[in-house]
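> let me see the structure of the following:
(chains A and B)
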Amino acid sequence: MSVLVVAEHDNKNLKSSTLNTISAAEKLSEDIHLLILGNKIEDLAKSSKSIQLVKKVIICDHEKLENQIPELSSPIISNLAENYSHILAPSSTFGKNLLPRVSAQLDVTQISDIIGIESQDTFIRPIYAGNAISYVQTDQKINLMTVRPTSFEKCEEAGGDAALENITFIDSEVKTKFVSREVSKSDRPELGNARVVVSGGRGLENSDNFKLLYDLADKLNAAVGASRAAVDSGYIGNEYQVGQTGKMVAPELYIAVGISGAIQHLAGMKESKVIVAINKDLEAPIFNIADYGLSSDLFQAIPEIIKELDLLNQIES
Amino acid sequence: MKVLVAVKRVVDYKVQIRVKSDNSGVETQNVKMSVNPPDENAIEEAVKLKEQGLANEIVSVSIGDDKSQDVLRTSMAMGIDRSILVKSQNTLEPLAVAKTLKIIIDKEKPDLVLMGKQAIDDDSNQTGQILSALLNWPQGCFISNLKIENNKVFISREIDEGIENLETSLPAVLTCDLRLNTPRFASLPNIMKAKKKPLETIDIDTLGIDTSSKIKTLKVIEPPKRKAGIMVNDVKELVQKLKYEAKVI
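As a prediction, the model looks like this:
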């Protein structure tokens, strides 16, 4: 049967989480349909048609769908459900906000944040902040799942020529009004998707000191992350938080600076390929999972690392 | 305004959990249990609404066995007026939890429902959203700020890109992020007082809903352990290792 992937996007471009979710869908079916709900999404629909794995792009284009209010978008998804064996969305704040409503409307239990697909009905998901891994099976009429993006490769964006279908907008009475979105603009790579992440914790002591991290991140073309302690202390915005209740990342290189390594933080980054920990406290639990540990004062170490990286670049050029 | 807060009893967030040797689940016997952390934020917010004179009655509800009375007593020690325990021996999936809460809500008729954005045991992050859909009430998830004025509800939600601000109205279901507030500690006199506050018990079997599991857990295993790394002596060695050994820079 066919699988429906609900696209995460900003009305102009697909978020990379959508591409990861399509790769997960490939493990379930060859007939993958991509559903894009948004406003003025003609161009987005056209570019999405070229994703090789996608057989059909279904769009619902309406001004009321501009801001992804789940009360409006979930009935549209539920209405399509009978055609599909599985409905997938990324387990980003977008998917988490939306898909459980479909679960209510279809009266099926959703499986959250899957990290693996064993078969059509058996899935792997982390519980207890990833400190245990659960294998679950379901025989429901339809499988609703959110997919952890970092557990699946991004699919190719080119090479395909999917069919395009327009569906009509079904209006629902909704009392929620969008007011504004406060989004930090940055030229650095997206945190969930970066090859290198440089994260800071309470050891940074204040928001000004985070500049040190930005300098290091820019040298490495890295995204910046943070522990919950740093976010709670107001050093940096919530969108940078890595951990159980923040973002999940799995970059090739994760550099934890002044982060002690609470279970909840480790949950968000321990799938990283190479982990570096810099902390003056030799007892910090982060060292237990780090590939390379440096017990040092970060205020000395970070400028030195930047200097060493400059030296390396000079040698190479 | 009447506020209902949903509370879950979970393994304390500081506990390093153990997977059972028969791989049937996670060990919860003889382990410290506590109020699910973001549920504490929901309790705190309800208590604040009462202190501000916006709420006149605040009620907490939990679903679980007799031991879940603990977390309800904790909520009353923090300032909740009275509690309801829906007694269930089985662990419920989010859909069944939401259906159970809906029945309690139909009876209690609160104007606002608050709960944590996710439980830190099964990490599902679904119940509030499902409940909102079942009730056909507005949904506000992962909130880090709440203001209520003349029946209007202003919320800030934590989203991956930053903060989203929404305006909605009561009745509503809101799920709380850890940054919404700082939960207060229950003082000893308040803990003593909480013992005398009303705690009603309802057997889940009397509610007439299907709470059976739709999802079968085949096994629970430990995650693969990262092999221990090395300590480097200085920055120079670190950068050399990253360049020539790990080849990541």
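> and the contacts of stretch A:78-86?
A:1-4, A:25, A:28-29, A:33, A:35, A:58, A:87, A:102, A:105-106, A:120, A:142-145, A:167, A:170 (CB atoms under 8 Å, 6 or more residues apart in numbering or on different chains). No exception for glycine: its C-beta is placed from N, CA and C like everyone else's.
> make it 10 Å
The contact list for stretch A:78-86 (CB atoms under 10 Å, 6 or more residues apart in numbering or on different chains) reads A:1-6, A:24-25, A:27-29, A:31-33, A:35, A:58, A:60, A:77, A:87, A:101-106, A:108, A:111, A:117, A:120-121, A:123, A:141-145, A:167, A:170, B:133.
> please pick the buried ones from those.
Neighbour counting with 16 or more other CB atoms under 10 Å in any protein chain shown marks A:2-6, A:24-25, A:28-29, A:32-33, A:35, A:58, A:60, A:77, A:87, A:101-106, A:108, A:111, A:117, A:121, A:123, A:142-145, B:133 as buried within these.
> please, where are all the helices along the chain?
Since you didn't name a chain, this refers to chain A. Assigned by DSSP state H, chain A shows helices spanning A:16-26, A:42-48, A:70-80, A:93-106, A:210-220, A:228-232, A:263-269, A:298-316.
> if you could check chain B rather than the one you did, that'd help
With DSSP H as the criterion, chain B has helices spanning B:37-51, B:69-78, B:94-108, B:127-135, B:188-194, B:235-240.
> got these as JSON lines, with distance to chain A and mean pLDDT columns?
Shown next, in JSON lines, are the helices of chain B (distance: least, CB to the nearest CB, whole Å; pLDDT from 0 to 100):
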{"stretch": "helix B:37-51", "distance to chain A": "7", "mean pLDDT": "98"}
{"stretch": "helix B:69-78", "distance to chain A": "18", "mean pLDDT": "98"}
{"stretch": "helix B:94-108", "distance to chain A": "5", "mean pLDDT": "98"}
{"stretch": "helix B:127-135", "distance to chain A": "4", "mean pLDDT": "98"}
{"stretch": "helix B:188-194", "distance to chain A": "25", "mean pLDDT": "97"}
{"stretch": "helix B:235-240", "distance to chain A": "4", "mean pLDDT": "97"}
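> could you say which of these is packed most deeply?
helix B:127-135 (a mean of 26; mean count of other CB atoms under 10 Å in any protein chain shown).
> show me the contacts for residue 95.
Using chain A here. Contacts of residue A:95 (CB under 10 Å, 6+ apart): A:6, A:8, A:17-18, A:21, A:70, A:88-89, A:112-113, A:145-149, B:125.
> wrong chain, I was asking about chain B
By CB under 10 Å, 6+ apart, the neighbours of residue B:95 are A:100, A:103-104, A:106-110, B:124, B:126-127, B:130-131, B:134, B:210-211, B:214-215.
> cool, and residue A:14?
Taking CB under 10 Å, 6+ apart as the criterion, residue A:14 is in contact with A:7, A:8, A:21, A:22, A:34, A:36, A:44, A:47, A:48, A:51, A:157.
> filter the contacts of residue A:95 down to just the ones in strands.
The strands, defined by DSSP state E, take in A:6, A:88, A:89, A:112, A:113, A:145, A:146, A:147 from the contacts of residue A:95.
> which one of the residues you listed is nearest chain B?
residue A:112 (4.6 Å; CB to the nearest CB).
> what's the neighbour count on the residue nearest to the closest one when sequence neighbours are not counted?
Leaving aside its sequence neighbours, residue A:112 sits nearest to residue B:124 (CB to CB, 6 or more residues apart in numbering or on different chains; 4.6 Å). Counted with other CB atoms under 10 Å in any protein chain shown, residues neighbouring residue B:124 total 23.
> and what of residue B:185?
If we define neighbours as other CB under 10 Å, then residue B:185 has 10 of them.
> contacts only, for it.
If you count contacts by CB under 10 Å, 6+ apart, residue B:185 has them with B:77, B:78, B:191.
> out of those, the closest to residue A:136 would be?
When the contacts of residue B:185 are ranked by distance to residue A:136 (CB to CB), residue B:78 comes first, at 34.3 Å.
> for that closest one, give its distance to residue B:36.
The gap separating residue B:78 from residue B:36 is 14 Å, by CB to CB, to the nearest Å.
> what stretches of chain B score poorly on pLDDT?
Residues of chain B meeting the criterion pLDDT under 70: none.
> so in it, which strand runs the longest?
For chain B, the longest strand by residue count, based on DSSP E, is strand B:139-149.
> partner strands of that one, parallel or antiparallel?
strand B:152-159 (antiparallel), strand B:172-176 (parallel) (DSSP bridges).
> in JSON lines: the ones you listed, plus mean neighbour count.
Conversion of the strands paired with strand B:139-149 to JSON lines gives the following (neighbours: other CB atoms under 10 Å in any protein chain shown):
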{"stretch": "strand B:152-159", "mean neighbour count": "21"}
{"stretch": "strand B:172-176", "mean neighbour count": "27"}
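> which among these is found nearest to residue B:246?
When these are compared by CB to CB, strand B:152-159 sits nearest residue B:246, at 33.2 Å.
> go through the contacts of residue A:14 and say which is closest to chain B.
Out of the contacts of residue A:14, the member with the shortest distance to chain B (by CB to the nearest CB) is residue A:8, at 9.0 Å.
> so how far is residue B:156 from that closest one?
Taking CB to CB, one finds residue A:8 at 20 Å from residue B:156.
> rewinding a little: which one of the helices of chain A lies nearest to residue B:138?
helix A:70-80 (6.8 Å).
> CA atoms of the closest one as CSV?
Below are the C-alpha coordinates for helix A:70-80, written out as CSV (Å, rounded to 0.1, in the frame of the first residue of the first chain):
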residue,chain,number,x,y,z
PRO,A,70,-2.6,22.1,13.5
GLU,A,71,-6.4,22.5,14.2
LEU,A,72,-6.7,23.4,10.5
SER,A,73,-4.2,21.0,8.9
SER,A,74,-5.0,17.8,10.9
PRO,A,75,-8.5,17.2,9.5
ILE,A,76,-7.1,17.4,5.9
ILE,A,77,-4.6,14.7,6.7
SER,A,78,-7.2,12.5,8.5
ASN,A,79,-9.5,12.9,5.4
LEU,A,80,-6.8,11.3,3.2
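> and it with helix B:127-135, angle?
Taking axes from the mean of the first three to the mean of the last three CA atoms, to 10 degrees, helix A:70-80 and helix B:127-135 form an angle of 70 degrees between their directions.
> and the angle from helix A:70-80 to helix A:93-106?
60 degrees.
> buried ones in helix A:70-80?
A:70, A:71, A:72, A:73, A:74, A:75, A:76, A:77, A:78, A:80.
> contacting residues for the fourth one?
Residues in contact with residue A:73, defined by CB under 10 Å, 6+ apart, are A:6, A:35, A:37-38, A:60, A:62, A:64-65, A:67, A:94, A:97-98, A:101-102, A:169, A:172.
> can you narrow these to ones near chain B?
Under the cut-off given by CB under 10 Å from any CB of the partner chain, chain B has A:67, A:94, A:97, A:98, A:101, A:102, A:172 from the contacts of residue A:73 close to it.
> same list, those, but as TSV with distance to residue A:196 and pLDDT please.
Compiled in TSV, the ones next to chain B among the contacts of residue A:73 are given as follows (distance: CB to CB, whole Å; pLDDT from 0 to 100):
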residue	distance to residue A:196	pLDDT
A:67	32	96
A:94	25	98
A:97	29	98
A:98	30	98
A:101	36	98
A:102	36	98
A:172	43	90
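> so is stretch A:290-303 next to chain B?
Yes: Stretch A:290-303 reaches chain B (CB under 10 Å from any CB) through A:290, A:291, A:292, A:293, A:294, A:295, A:296, A:300, A:301, A:302, A:303.
> reformat the contacts of residue A:14 as TSV; add distance to residue A:308, pLDDT and neighbour count.
What follows is the contacts of residue A:14, written out as TSV (distance: CB to CB, whole Å; pLDDT from 0 to 100; neighbours: other CB atoms under 10 Å in any protein chain shown):
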residue	distance to residue A:308	pLDDT	neighbour count
A:7	42	98	28
A:8	38	98	24
A:21	39	98	31
A:22	40	98	29
A:34	45	98	26
A:36	45	98	22
A:44	43	98	21
A:47	41	96	15
A:48	43	98	24
A:51	41	98	25
A:157	36	95	17
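> all set, thanks.
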